[in-house]
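**Q** Test case, fold it:
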Amino acid sequence: MALEARSNLTRDVIRLLVAANDNGLRLRLLQDVRGQQGRPERVLEVTNVDNSPIVLNVDSETLRVTKESYAAGGRGQALVEETFSDYRAVGGVQMPFLAVRSIGPLRITRRVSDIRINQPIAPSLFTRRAP
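**A** Numbering: from 1, shown residues only. You can find the predicted model right below:
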């Protein structure tokens, strides 16, 4: 589980974009495509620290990431596609409140109802409960 959590963090869109901006990752501009709603999208291939390519589709008008694609478990594995939508401003940052992850025929939908940035966490959350 720790390996999967670490892998998820390396694919976090905000982390990828910040690292790419800081020249910490290799970027390659791929051919533009039309998105789900027919709008033009720029396609960027980002190669992360473990040399696994991650492809980001970026809406040309809004500059929001609409899709992230990568091979599960590295090269040669199942393709994972995660689409992002329902963007809303949270503390001045546009955040997607809807994400759909597809791995072959399997689909998982994540709908967020509230996002808060840098809010205090109740200490009781870290209290171990008796078995």
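**Q** from here on, contacts and neighbour counts on C-alpha atoms
**A** Fine.
**Q** Now Glu81: closest residue in space that isn't a chain neighbour?
**A** Ser69 (4.4 Å; CA to CA, 6 or more residues apart in numbering).
**Q** What's the separation between that neighbour and Ala19?
**A** Using CA to CA, to the nearest Å, Ser69 is found at 18 Å from Ala19.
**Q** Which one's more surrounded, the two?
**A** Ser69 (19 against 15; other CA atoms under 10 Å).
**Q** Tell me the helix or strand right after the helix or strand harbouring the more buried one.
**A** Using DSSP states H and E, the element containing Ser69 is strand 65-71. Sequence-wise, the next helix or strand downstream of strand 65-71 (DSSP H and E) is strand 79-90.
**Q** For that next one, give me every contacting residue.
**A** 65-72, 94-104, 115-117 (CA atoms under 8 Å, 6 or more residues apart in numbering).
**Q** Now do the SS call for Leu16.
**A** The three-state assignment at Leu16 reads helix, by DSSP: H, G, I helix; E, B strand; the rest coil.
**Q** Got phi/psi on Ser124?
**A** With angles defined as degrees, to the nearest 10, Ser124 sits at phi -60, psi -20.
**Q** list the contacts for it?
**A** So Ser124 contacts nothing (CA under 8 Å, 6+ apart).
**Q** Stretch 57-64: how far from the chain's middle?
**A** Taking CA atoms, centre = their mean, to the nearest Å, one finds stretch 57-64 lying 14 Å from the centre of the chain it belongs to.
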